[in-house]
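Q: pasting a predicted model and its sequence here:
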Amino acid sequence: MTLNLQSTVTLHNGVKMPWFGLGVFQVSEGEEVYNSVKWALEHGYKSIDTAKAYRNEEGVGKAIRDSGIPREELFITTKVWNKDQGYEETLQAFEGSMERLGLDYLDLYLIHWPLPKLNKYKETWKALEKLYKEGRIRAIGVSNFKEHHLDDLLSEAEVVPMVNQVEFHPHLQQNSLRDYCKKHQIQLEAYSPLKQGRLLDEPILKEIADRHGKNTAQVVLRWDLQREVVTIPKSVKKQRIEDNADIFDFELSEEEMQQINSMNKDERIGSDPDEFNKY
């Protein structure tokens with residue numbers, strides 16, 4: 001798979017989404033998020049992923065505007081937070097996010113968590129479908145949805161989600177979910193692809209990295225792409241933002257891919273979507 005930093009995957013509705021982007025989870029509003037987004041865009045990133053819950057949409061929006069990059073060249077994602085689930089609540093939350101971001105339209109809007117105990121994600125999805133049909137969002141999707149949440153959603157949905165953003169890394173490979181999404185043409189997207197830094201000293205990864213003259217983070221991010229998973233690593237350091245994107249001049253062999261595939265432990269660093277009910 002020959003790719004570069006601007007390479008895209010075509011979602012099932014024809015919209016092109018970059019394979020690689022910057023995530024800003026746990027990046028502080030103000031100077032920190034502004035600089036992270038600024039550095040990423042200056043380096044050639046085209047995709048930025050935020051959420052209402054991250055409380056940094058304003059800084060993201062300011063960095064986008066100040067970059068001078070034509071809006072149509074960028075791919076911006078945000079998410080509906082849990083307390084905003086429900087039809088009218090979601091429509092209102094969307095307006096709030098758009099105001100904070102300072103955008104006229106959104107490239108991707110996601111339901112942040114299924115929250116099965118609340119059981120409002122189908123109402124929330126109806127609101128996303130409305131906004132999508134009105135042309136205010138180019139693509140809609142979900143985050144942290146397991147197969148059974150998707151089954152339930154698809155039983156009533158008019159529009160199949162284009163994306164499912166989930167925790168995905170060598171210790172949590174979610175193979176059955178990946179297969180499910182592929183079958184339904186839902187693009188899988190990885191957050192916490194480096195397990196928040198906890199993978200970086202793994203001997204297998206170090207050995208592969210040394211072989212290619214790369215670091216272990218670059219090996220993992222390359223593995224994501226070769227598994228056809230969109231990836232959005234987070235960093236607040238300029239050099240690391242640049243290094244993370246330096247993964248397009250090498251390729252992992254089939255044997256190296258299998259070595260990393262063998263690292264799966266079904267081990268999360270984040271919450272289990274069946275149990276997470278934070279508002």
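A: Received, thanks.

Q: mind listing what the residue nearest to Gly59 when sequence neighbours are not counted touches?
A: Leaving aside its sequence neighbours, Gly59 sits nearest to Val33 (Cβ to Cβ, 6 or more residues apart in numbering; 3.8 Å). From N, CA and C alone the C-beta is placed, and that goes for glycine too. Contact analysis of Val33 by Cβ atoms under 8 Å, 6 or more residues apart in numbering lists 24, 27, 56, 59-60, 63.

Q: beta partners for Val9?
A: Met17 (DSSP bridges).

Q: can you give me the strands in the protein?
A: Remark: strands assigned in the chain by DSSP state E are 8-10, 16-18, 22-23, 47-49, 75-80, 106-111, 137-143, 163-167, 187-191, 230-231.

Q: can you redo the ones you listed as JSON lines, where the extra columns are mean neighbour count and distance to Asp249?
A: As requested, the strands of the chain are exported to JSON lines (neighbours: other Cβ atoms under 10 Å; distance: least, Cβ to Cβ, whole Å):
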{"stretch": "strand 8-10", "mean neighbour count": "14", "distance to Asp249": "19"}
{"stretch": "strand 16-18", "mean neighbour count": "20", "distance to Asp249": "18"}
{"stretch": "strand 22-23", "mean neighbour count": "25", "distance to Asp249": "20"}
{"stretch": "strand 47-49", "mean neighbour count": "26", "distance to Asp249": "20"}
{"stretch": "strand 75-80", "mean neighbour count": "25", "distance to Asp249": "23"}
{"stretch": "strand 106-111", "mean neighbour count": "25", "distance to Asp249": "27"}
{"stretch": "strand 137-143", "mean neighbour count": "24", "distance to Asp249": "29"}
{"stretch": "strand 163-167", "mean neighbour count": "25", "distance to Asp249": "27"}
{"stretch": "strand 187-191", "mean neighbour count": "24", "distance to Asp249": "21"}
{"stretch": "strand 230-231", "mean neighbour count": "26", "distance to Asp249": "17"}
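
Q: want to throw these into TSV with mean pLDDT and distance to Lys126?
A: TSV is the format used below for these (pLDDT from 0 to 100; distance: least, Cβ to Cβ, whole Å):
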stretch	mean pLDDT	distance to Lys126
strand 8-10	98	26
strand 16-18	98	23
strand 22-23	98	27
strand 47-49	98	24
strand 75-80	98	12
strand 106-111	98	11
strand 137-143	98	11
strand 163-167	98	18
strand 187-191	98	21
strand 230-231	98	25
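
Q: so which residues of this structure form helices?
A: Taking DSSP state H as the criterion, the chain carries its helices at 31-43, 57-67, 87-101, 121-133, 147-154, 175-183, 203-212, 216-226, 238-244, 254-261.

Q: return the per-residue confidence for the residue nearest to Gly59.
A: Val33 is assigned 98 on the pLDDT scale.

Q: can you tell me which residues contact the closest residue in space to Asn4 that isn't next to it in sequence?
A: Leaving aside its chain neighbours, Asn4 sits nearest to Phe248 (5.0 Å; criterion: Cβ to Cβ, 6+ apart). Neighbouring residues of Phe248 by Cβ under 8 Å, 6+ apart: 3-5, 7.
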